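Asks: next come a sequence and a model predicted from it.
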Amino acid sequence: MIKVTYMPAYERSPLPEDAREYIFLTFQEFKEWVQNYVCTSCLLDFYDMNGEDPSDLGDWLDMGCGCEIEIDEGEYPIDWHSPMELPENFEELKNKFLDEKEE
């Protein structure tokens, strides 16, 4: 079981009253949730800070949305190098981001 507790970044400690917990029975369930949870703005921030596309689970949770959750691996070790699938429009969003940055 993998337990994720959502904690908005501005309320890291103590745990806010409205914190939400998610329980995943398999790593695959957890990974699919992360795939849908992390927003494209956070993926673009990763690109901006690292000069490369986020490619694995660790990259996806490195900043932004990933900083708002606490993860308890429980008995299932998490494969932080597990590859993730970028959104279909990521290249388009990245090019737009780079164009705006140059202005």
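Replies: Received, thanks.

Asks: and Phe27, how many residues sit next to it?
Replies: 16 (other CB atoms under 10 Å). C-beta: built from backbone N, CA, C; applies to glycine.

Asks: my read: it touches Asp79, true?
Replies: Yes. Here Phe27 reaches Asp79: they are 6.8 Å apart, a contact under CB atoms under 8 Å.

Asks: now do the helices in the protein.
Replies: Ranges of helices in the chain, per DSSP state H, are 27-37, 40-50, 57-60, 90-102.

Asks: what does the average pLDDT come to for the last one?
Replies: Read it as helix 90-102. Mean pLDDT, helix 90-102: 88.

Asks: likewise for the third one?
Replies: When pLDDT is averaged along helix 57-60, the result is 96.

Asks: mind checking how far Phe46 is from Thr26?
Replies: 25 Å (CB to CB, to the nearest Å).

Asks: nice, that's everything, thank you.
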